[in-house]
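S.K.: Pasted the sequence and its predicted model underneath.
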Amino acid sequence: MSVPTIAIPTQKLLKIGLKATNNIHYQLPPNELVSDTLRLGEGTLSDSGALVINTGEFTGRCPKDKFIVRDEVTADTIHWNEFNQPISENSFDIIFKKITGYLNDLQEIWVRDAYACADKRYRVSIRLIAEKPWTSLFAYNMFLRPVEAELENFSAEWQILCAPGLKLDPNECGIRQPNAAVISFKHRVILIAGTGYTGETKKGIFSILNYILPHERGVLSMHCSANIGQQGDTAVFFGLSGTGKTTLSADPSRKLIGDDEHGWTEDNIFNFEGGCYAKCIGLSEEKEPEIYHAIRPGALVENTRFFPGTNKINFDDGSITENTRVSYPLHYISNAIEPSVGTIPRNIFFRTCDAYGVLPPVSKLSAAQAMYQFISGYTAKVAGTETGITEPKPTFSACFGAPFLPLHPAKYAEMLGKKMEKHKVNVWLINTGWTAGAHGTGSGSRIKLSYTRAMITAALEGKLDKAEYAFDTVFGFAVPQECTGVPSEILNPRNTWTSGEAYDERANFLVNLFKKNFEKYSAGVSKEIVAAGPKI
């Protein structure tokens, strides 16, 4: 069957400074993008048919090299900080000319039109202009895919210019080193130079949606996963890396709405994306069957190695990076719901991995406590998650996604608080970390995944509504005294330690970390939220 040729938007490309003399590959299907990658010698097919590539020097995001243009649009609206670094309009102009000039000198480029936001009322149209065919494949996997009829009059609200091979002059361009990701809200352009890590494209769009939706459209944007039960009950899962956001939202008895980025409107929850971007390190069919089976033709695997002499991926090999990744369309997951839209959530779960063994495995939060914990965004990284970490490292990331939030965290927290109050949503804190002692002490051990799943199931099924509760003396949380499928003795953390004094010492240490971190936000929130923090 012949495939109809889709017209290349030549005139629209000319308007942003690109030449029509390039060999422009427009809206190619996955199989052709894979073929182009193999033709260029930049990828290998795995034994399961997935394309495996190496993203080069950068195998993760570079937060210190991400900038937002400071102009009349952003000067007084962006929360300028270590994640939202300002760059001048002049520097943007220089980098823009460098990238367009670089792309014009290439023999061929790959252009893809796509959407973000599954709710069409808030849909944002995107055009990606890329140096690499595999970047276009990533965009095909991760964003929403227009049908052919929608491409006839497609008008891109935002454009991404991606040139991994371009090394910029830091002094000339007003940046830190030869790579940069630059967002201009005035021109609605994202520039990515010097890095091939595909996550920069994904998080660039997430960052602009975190500005547009709350600031202009009144929609709460969230760094979370979401699923929906057979009775139409939606659950939302917040959490930083390593807390089980993807794993715990993958429930065979519930439909997956999305695994990472969502919006909350007056009447629904919707996924921003059309795909998943999952970590691969340690992946196995037994532990993550859905992700494992998604690694098939069309999937894009990054920075993994093969077993010697084969094209079988060794998922346990982190010699290139621990941040090995795979992207694939959402429909590769058998229980995904499309369109990726759910009802107003009944339950919200904040996940943390507390390596100090202080936090209860499951707690119910008051509205003020939920706001405090949401703004704090606490977890603790342990040895093996990052190079150089030999003991628990506390991490606080506001709203569980600080690097991607252009507005002040209090804005997102205020919106979440109003929605929780209006819809009477239950908010739970789930600790997937340690019990009976801190990590590395010998006495402590990680809470079993089966226990965590049982707690979430009990909350979703309303079983915890009938439980007896006691209040945690440090954090003030309401802690259920029994939960089906979970030993009652682990529910109160202090009782699991052999020494109550040792627990108190660790608890006071963690409380001080919380208080110190919250100092930077206390001026922008209510006294009630400040008072909902932990106490020594």
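M.R.: Okay, I see it. Numbers count the residues shown, from 1 in each chain.
S.K.: CA atoms for contacts and neighbours, from now on please.
M.R.: OK.
S.K.: Low-confidence regions, the stretch 151-300 of the chain specifically.
M.R.: Along the stretch 151-300 of the chain, the model assigns pLDDT under 70 to residues 242.
S.K.: any residues touching stretch 323-336, and which ones?
M.R.: For stretch 323-336, contacts defined as Cα atoms under 8 Å, 6 or more residues apart in numbering pick out 59-60, 138, 140-142, 252, 254-258, 274-281, 290-291, 294-295, 298-304, 318, 338.
S.K.: Bridged to the nearest residue to Ile228 once chain neighbours are set aside, which residues?
M.R.: Distances taken as Cα to Cα, 6 or more residues apart in numbering put Thr234 closest to Ile228, at 4.2 Å, once the chain neighbours are dropped. Counting by DSSP bridges, Thr234 forms beta bridges with Ile228, Pro345.
S.K.: before we move on, what about Pro480?
M.R.: Beta-bridge pairing for Pro480 (DSSP bridges): Tyr469.
S.K.: number of nearby residues for it?
M.R.: Close neighbours of Pro480, defined as other Cα atoms under 10 Å, add up to 23.
S.K.: Hmm, Ala470 and it touching each other?
M.R.: Yes. Using Cα atoms under 8 Å, Pro480 makes contact with Ala470 at a distance of 6.5 Å.
S.K.: what's the burial count for Thr498?
M.R.: Residues lying near Thr498 (other Cα under 10 Å) number 12.
S.K.: no no, His262
M.R.: 29.
S.K.: For my notes, confirm it occurs in a strand.
M.R.: Yes. Assignment of His262 by DSSP: H, G, I helix; E, B strand; the rest coil places it within a strand.
S.K.: Roughly how far does the closest residue to it other than its chain neighbours sit from Pro339?
M.R.: For His262, ignoring the flanking residues on the chain, the nearest one in space by Cα to Cα, 6+ apart is Asn271 at 4.5 Å. With distances taken as Cα to Cα, to the nearest Å, Asn271 is found 9 Å from Pro339.
S.K.: Who has more neighbours out of those two?
M.R.: A direct count of neighbours by other Cα under 10 Å for Asn271 and Pro339 places Asn271 higher, at 29 against 14.
S.K.: and after the worst-scoring helix or strand of the chain on mean pLDDT, which helix or strand comes next?
M.R.: Using mean pLDDT, DSSP states H and E, helix 245-249 stands out as the lowest-scoring helix or strand of the chain, at a mean of 72. Remark: after helix 245-249, the chain's next helix or strand is strand 255-258, criterion DSSP states H and E.
S.K.: Contacts for that next one, please.
M.R.: Residues from elsewhere that reach strand 255-258, judged by Cα under 8 Å, 6+ apart: 225-230, 249-250, 270-271, 273, 275-276, 330, 335-338, 340-342.
S.K.: cool, stretch 489-507 as well?
M.R.: Stretch 489-507 has contacts (Cα under 8 Å, 6+ apart) with 356-362, 435-437, 472, 474, 479-482, 536.
S.K.: Can you say which of those are buried?
M.R.: In the contacts of stretch 489-507, burial by neighbour count holds for 356-362, 435-437, 472, 474, 479-482, counting by 16 or more other Cα atoms under 10 Å.
S.K.: Which ones among those residues lie within strands?
M.R.: Counting by DSSP state E, the part of the buried ones among the contacts of stretch 489-507 found in strands is 362, 435, 479-480.
S.K.: tell me which of those is nearest to Phe92?
M.R.: For those, the minimum distance to Phe92 (Cα to Cα) is 47.1 Å, reached by Val362.
S.K.: Contacts only, for that closest one.
M.R.: 428-431, 455, 479-480, 491.
S.K.: Can I get those in JSON lines including distance to Val111 and pLDDT?
M.R.: Formatted as JSON lines, the contacts of Val362 follow (distance: Cα to Cα, whole Å; pLDDT from 0 to 100):
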{"residue": "Trp428", "distance to Val111": "43", "pLDDT": "97"}
{"residue": "Leu429", "distance to Val111": "43", "pLDDT": "97"}
{"residue": "Ile430", "distance to Val111": "42", "pLDDT": "96"}
{"residue": "Asn431", "distance to Val111": "43", "pLDDT": "94"}
{"residue": "Met455", "distance to Val111": "46", "pLDDT": "96"}
{"residue": "Val479", "distance to Val111": "53", "pLDDT": "96"}
{"residue": "Pro480", "distance to Val111": "53", "pLDDT": "97"}
{"residue": "Leu491", "distance to Val111": "53", "pLDDT": "95"}
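S.K.: Among those, which one sits closest to Lys245?
M.R.: Using Cα to Cα, Ile430 comes nearest to Lys245 of these, at 10.9 Å.
S.K.: That closest one bridge partners, please.
M.R.: Note on Ile430: beta-bridge partners by DSSP bridges are Arg351, Val362.
S.K.: Is it in contact with Asp354, as I believe?
M.R.: No. Contact criterion Cα under 8 Å: Ile430 and Asp354 do not qualify, at 9.7 Å.
S.K.: With neighbour numbers in mind, choose between those two.
M.R.: A direct count of neighbours by other Cα under 10 Å for Ile430 and Asp354 places Asp354 higher, at 30 against 26.
S.K.: Spit out the contact partners of the more buried one.
M.R.: By Cα under 8 Å, 6+ apart, Asp354 lies in contact with 379-380, 431-434.
S.K.: before we move on, the earlier item: looking at the ones in strands among the buried ones among the contacts of stretch 489-507, spot the one nearest Ile208.
M.R.: For those, the minimum distance to Ile208 (Cα to Cα) is 33.6 Å, reached by Val362.
S.K.: State the distance from that closest one to Phe396.
M.R.: As defined by Cα to Cα, Val362 lies at a distance of 19 Å from Phe396.
S.K.: Repeat that for Asp119.
M.R.: Taken as Cα to Cα, the span from Asp119 to Phe396 is 31 Å.
S.K.: where does the stretch 301-450 of the chain dip in pLDDT?
M.R.: With pLDDT under 70 as the threshold, the stretch 301-450 of the chain has low-confidence stretches at 382-391.
S.K.: which stretches of it form strands?
M.R.: Using DSSP state E, counting those that start in this stretch, the strands assigned to the stretch 301-450 of the chain run over residues 305-306, 313-314, 325-329, 341-342, 345-352, 362-364, 378-381, 393-396, 426-431, 434-435, 445-446.
S.K.: Nearest to Leu209, out of those?
M.R.: Proximity to Leu209 (Cα to Cα) singles out strand 341-342 among these, at 16.8 Å.
S.K.: list the helices and strands the closest one packs on?
M.R.: Identification of packing neighbours for strand 341-342 by 3 or more Cα pairs under 8 Å, 6 or more residues apart in numbering; DSSP states H and E yields strand 269-271.
S.K.: tell me the angle the next helix or strand after the strand it packs on makes with strand 325-329.
M.R.: Downstream of strand 269-271, the next assigned helix or strand under DSSP H and E is strand 275-279. Strand 275-279 and strand 325-329 are oriented at 160 degrees to each other (axes from the mean of the first three to the mean of the last three Cα atoms, to 10 degrees).
S.K.: And the helix or strand just after strand 275-279, how far out from the chain middle?
M.R.: Next helix or strand after strand 275-279 toward the C-terminus (DSSP H and E): helix 289-294. Put simply, helix 289-294 sits 19 Å off its chain's centre (Cα atoms, centre = their mean, to the nearest Å).
S.K.: Can you point out the buried residues in helix 289-294?
M.R.: Neighbour counts over helix 289-294 (16+ other Cα under 10 Å) mark 290-292, 294 as buried.
S.K.: before we move on, what about stretch 166-184?
M.R.: Buried positions in stretch 166-184, judged by neighbour count with 16+ other Cα under 10 Å: 166-168, 173-175, 178-184.
S.K.: mind checking how far the least confident helix or strand of the chain is from the chain centre?
M.R.: Its chain's C-alpha centre and that of helix 245-249 lie 12 Å apart, by Cα atoms, centre = their mean.
S.K.: who touches it?
M.R.: If you take Cα under 8 Å, 6+ apart as the criterion, helix 245-249 is touched by 224-227, 237-239, 256, 259-260, 278, 288, 351, 453.
S.K.: Just the buried ones from those, in PyMOL syntax?
M.R.: A single PyMOL command selects the buried members of these (16+ other Cα under 10 Å):
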select buried, resi 224+225+226+227+237+238+239+256+259+260+278+351+453
